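In: Quick one: sequence plus predicted model below, questions after.
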Amino acid sequence: MRIRRAGSLWIVASTAFLAAAPFFLSTYWILILTEILTMSLFAMSFNLLFGYTGLLSFGQAGIFGAGGYLAVLSLLHGPSSLWGAFAAALAGSALISLVIGWFCVRRDEIYFAILTLGFGMMLFTVAHNWRSLTGGSDGLGGFTLPPLDLFVWRGSLADPRHFYFLVLAVALIGAILLYRMVNSPFGLMLRSIRENTQRLSFVGADVRAVRLCAFVVAGTLAGIAGVLFAFFNRIASPEMLHWAFSGKAVLMTILGGSGVLLGPAVGAAIFFVLEHVITAYTTNWMVFLGAILIVLVLAFPRGVLGSLLDLVQRYRGRPRS
Amino acid sequence: MEAFFANLLNGLSWGMLLFLISMGLTTVFGVMGVLNFAHGSLFMLGAYLCLQFVRWTGSFWIGLILGPPLVAALSVLIERFLLRPLYGRDVSLQLLLTFGLMLFLDDGVRLIWGAAYHVVNPPEVLSGSVALFSRSYPLYRLFLVILGPIVGIGLWAFFTYTLWGKLLRAAATDRQMAEIVGVRVPVLFTAVFAFGAWLAAVGGALAAPHQSVGPAMGERIIIESFIVVVIGGMGSFPGAFVGALVLGLLHSFGTTFFPQLQMALPYILLAVILLIRPRGLFGAES
Amino acid sequence: MSTPILLQVESLSRSFGKFQALSDVSLEIPRGRLCALIGPNGAGKTTFYNVVSGRYRPTRGRVFFEGRDITGVPPHKLVKLGLLRSFQITNIFPALTVLENVLAPLAVMHGMSFAFWRSLSSQQKLVEEALTILERLGLAGQSHREVSTLAYGDKRLIEIAIVLACRPRLVLLDEPTAGMNPEETERMIRLIHELAAHSEITFFVTEHDMKVVFSVAQTIFVLNQGRLLAQGTPEEIRANPAVRQAYLGGSLDAERA
C-alpha cells in the first residue's frame, strides 16, 4: 500500500512538472520534452507487446511511420483538419496493424521478430519507393499544421508550447489507456502469454486473438505517436519506418524497463539526455548505446526504472503485488 | 540473352556472399539456438580488416587469410563473456544482446575507419574481365560464383563426414544427449560461434573487392540473410543455399524487371513463404 | 445431466509409423470414481492421455465424454466441456503471483479475456473464487508471492490450482507426485482424496509410484504394450498374475514389501 502511495505521489509530481514546464523552461527544452513525450508514447506501445506480451517486434516503426504519412496525406489531400488527420492515422494504423498482426501473431519469439521486421520494411519500401504519393526518400512535407481547435479555444500549433500541450495530452491519454489495460483481466492474459503461452491456451484462451488485440492496440498507439512525430518535424520521412527506428523503441524500453508501464518513458528521457551528453564529444554515440544495452541485458534486464522499483521493494521487504 | 546472363551472374555472385554469411547464421542458430543480430557486423569487420591488410601489405590474399581468424578470436570473447550468461534464458534477451552488439560494432567501425566508403581492388589474378556471350564480365564475380558451391560442398562434407561435423549436428539435435555421450557442449558452442564468425568474415573479405566497403554493409546484409535463413528453414544448410540463391537472383532480376518493387520483393517473399510453409522451405516440421 | 459413465473410450488405437502405441483399448470411467492408469514404461500411458485430451488424433476408435463424441477435439475446446489434464512437467506462469496464476484461467472461464478497461483487482467474484481454490490447496497465505519463488511441491499444487480454476468434471492427472519428496507426495495424496470426496470432480491418474496408485485409486487399469491388460480394484490387480508378469514379476512385490 505504502509503495503504491509513494508511486502515485511520484506520478502526480511528474505530471504536474510536465504540465507546468512550458511556464518556466526555455523553448529549447520544451522542444526536447516534446520529442521525449512523443518517443515515450511510441516506446510504450512497443512495451505493450514486448514487456507485457513477450512479443519482440522489430517492425513497430513501420506502423509508427505509416501513421505519420497518413496524417500528412490527409492534410495535403483532404480537409485541413487536425482531428481529421488524427482520425485518418488512427483508422489507418489500426487497419495496417490488424493485417500485419494477423500474419505475425501466429508465430513466437524469433519468427515474430523477423516477421514484424519484414512487414515493417515492406512499409518502409512503400514510403521510400512510391515517389508520386510519398515523395520518396525526400519525405513528405510542405503541409501547414491546422490550428488546434478545442471548440472553446483555438490556438496555433506553430507555437512550440501549444504543440507541447497537445503532445502531453495525447501521451497522457495513451499512458492512461495502457495503465487500465495492463491492470485489467486482458492485461493478465497478456502477461500469462508472456509467461507461458501454451499453458494459457490449454485453459481455453484464444491466445491468437488476445495477441492480435494487443498488436492492434500497440500499432494504433504507435501510429498516433507517428502523427505527433511527423507534425513536430513538419515532415514524414521514410527513416521513420526503417527497422533502425524500431530499434530506438527497443533501446528506450530496455533502458527504462520492459514490463514496467512507465519504463519506456523513463528510457526515452535517458536516451535523449545521453544523446545530448555523448554527441557533444563524438557523433558515434551508438557505440556507447550499444555497450549500455549489452550491460543492461546482462546485468539489469529490468532496466533503470524496473531495477529501481525492485530495489525499493526489496528495501521495504514486501512481496510483489 | 546478354541481359539475362548479366543478371544471372550478378544474382549468383551476390547470392554466394549471402550464402556464406547465412551458413554461419544458420549453423549458430541450429546448434546454439541463438539468432545473431551482430552477424552482419562480423561480416563487415571481415571486410574492413581485409581493407586494412591491403593497406598495410598491398595483398588481398593476406587480408583474406589473416582477417577472418581475428574476427573469430573476437567472437570467442563475445561468446564466452556476453552470450554464455544468457543460455537457457529468454530467447529475446539473446536477440537484444546481439542487437546491442551490432550497434556497438557498426558504430565502432565508423569510429576507427570513418564513415566514408572504401574501395578494395581485386587481386591481380582476378582483376579484369572475361568475354562471355560477346560481352565482358568482371572476372572477380565469376570467381565468387564458382567459389560459392565449392565452399558449400566443403561445408556439407565437413558436417556429413568429419567427427567434428557429426558432433555439431548431434549437439544441434539434442543437447542433453550430446552431453551424455561426452561432448563438451560449452566448448562446442564457443567453437561453433567462432566458426560462424569466421565464415561471416571470410564472406566480408570476399565482398570487399565486390562492393565498396562501408559502415552500412553489415546492416544491409544481416536483414537479407535473416530472410535467407527463415525462408530456407532455420538451421538448414540446403535451405541456406537455396534461400541465398533465390534472394540473390531476386535482387538482380528484380532490379531489371520490377525496379519499383525490387526493395520490397525479399519481404514479400518472406511473408509468402512463411504463410505457405511456416518452418521454411527445408525446415523440419516439429 | 448425470450420466453414470463420464468417460467412455471405445477400441482406441494410435500408431506412430509402424509402432503401435495403443491398440484397441476400451474402458469406462464412472462419474465420481477415482481411477488410475498404470503400466510399465512404454506401455502407452502418455499416448493414451494425449489422445484422450485431444493432443493427438487416434488412428482408430472413439472417445466419448458425458455421452458426447470428443474424438480429436483440441485441448482448448475440451476445457470448455469440462475435461482437463494436468502436466507432468510443472507448467505454470512463473513470474506471476500465486493469485494471478489462478486468476488467469478464471478470467478465461468467465469470458473476460478481452475486458481491458475494468480493473482486475476490483473483480470481487473472480478474486474470491481464486482465493477459495487457493485455500483448498493451502496456498492462500502465499497468494501474493511470485510462483517462481515457491518450493517444488507448491509449484505442483499451482498446477492443480490452475486445473481446478477451469471447473472441470474430469481431470487427467499425469504423474501428480513425480519428483516430489515423501512429505509432498503424502500431501498430494491427501489432496487428491479430499478433492475426489468433496467435489464434483472425477480424477483419472497415471502414476509411476505404485504406493500412490494403490492408496488412491478405486479402480485401476493396467496397460501393457499398448493393450489393456487388466482392470479392477486394487486387490484384484494385486492378485492378477498377468499384471505381475508384465511388471517383470518383481516390482509390484517390491512395492508391497
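Out: Here it is on my side, so go on.
In: what about the nearest residue to C:Gly82 once chain neighbours are set aside, how many residues close to it?
Out: Distances taken as CB to CB, 6 or more residues apart in numbering or on different chains place C:Arg169 nearest to C:Gly82, at 3.9 Å, with adjacent residues excluded. C-beta: built from backbone N, CA, C; applies to glycine. Using other CB atoms under 10 Å in any protein chain shown, C:Arg169 has 18 neighbouring residues.
In: Same check on C:Gln225?
Out: 15.
In: residues contacting it?
Out: Shown in contact with C:Gln225 (CB atoms under 8 Å, 6 or more residues apart in numbering or on different chains): C:Gly42, C:Ala43, C:Gly44.
In: how about a cut-off of 6 Å?
Out: Contact analysis of C:Gln225 by CB atoms under 6 Å, 6 or more residues apart in numbering or on different chains lists nothing.
In: mind checking how far it is from A:Tyr111?
Out: With distances taken as CB to CB, to the nearest Å, C:Gln225 is found 39 Å from A:Tyr111.
In: can you list the residues of the stretch 151-286 of chain B near chain A?
Out: Taking CB under 6 Å from any CB of the partner chain as the contact definition, the stretch 151-286 of chain B meets chain A at B:Phe226, B:Val230, B:Gln260, B:Met263, B:Ala264, B:Tyr267, B:Leu270.
In: So the last one sits against A:Gly120, correct?
Out: No: here B:Leu270 lies out of contact with A:Gly120, judged by CB atoms under 6 Å, at a distance of 11.6 Å.
In: Could you list the residues in contact with stretch A:90-103?
Out: Residues contacting stretch A:90-103 (CB under 6 Å, 6+ apart): A:Ile63, A:Ala66, A:Gly67, A:Leu70, A:Phe119, A:Leu212, A:Phe215, A:Val216, A:Gly219, A:Thr220, A:Gly223.
In: Restricted to helices, list the residues you listed.
Out: In this view, the contacts of stretch A:90-103 that belong to helices under DSSP state H are A:Ile63, A:Ala66, A:Gly67, A:Leu70, A:Phe119, A:Leu212, A:Phe215, A:Val216, A:Gly219, A:Thr220, A:Gly223.
In: C:Ala36 belongs to a strand?
Out: Yes: C:Ala36 sits within a strand when classified using DSSP: H, G, I helix; E, B strand; the rest coil.
In: how about the strands in the stretch 1-150 of chain A?
Out: Secondary structure of the stretch 1-150 of chain A by DSSP state E, counting those that start in this stretch: the strands cover A:148-149.
In: correction: the stretch 51-200 of chain B
Out: B:129-132, B:135-138.
In: Can you say which of those strands is packed in most?
Out: strand B:135-138 (a mean of 15; mean count of other CB atoms under 10 Å in any protein chain shown).
In: wait, C:Thr185 sits on C:Thr177?
Out: Yes: look at C:Thr185 against C:Thr177 with CB under 6 Å: they come within range, at 4.4 Å.
In: quick one, which of these two is more surrounded?
Out: With neighbours defined as other CB under 10 Å, C:Thr185 and C:Thr177 compare such that C:Thr177 has more, 25 against 18.
In: Now do the same contact list for that one.
Out: By CB under 6 Å, 6+ apart, C:Thr177 lies in contact with C:Thr185, C:Met188, C:Asp209, C:Val212.
In: Who wins on neighbours among these?
Out: Counting by other CB under 10 Å, top hit in the contacts of C:Thr177: C:Val212 with 22 neighbours.
In: Three-state assignment for the closest residue to that residue other than its chain neighbours, please.
Out: Once flanking residues are discounted, C:Val212 sits nearest to C:Thr177: 5.4 Å by CB to CB, 6+ apart. Recorded secondary structure, C:Thr177: coil (three-state DSSP).
In: among the contacts of C:Thr177, which are in helices?
Out: C:Thr185, C:Met188, C:Val212.
In: for those, which one is nearest C:Leu83?
Out: C:Met188 (21.0 Å; CB to CB).
In: Distance-wise, check the nearest residue to the closest one once chain neighbours are set aside relative to chain B.
Out: Spatial nearest neighbour of C:Met188, excluding adjacent residues (CB to CB, 6+ apart): C:Thr177 at 5.0 Å. Using CB to the nearest CB, to the nearest Å, C:Thr177 is found at 24 Å from chain B.
In: what about C:Thr177, distance to chain A?
Out: 20 Å.
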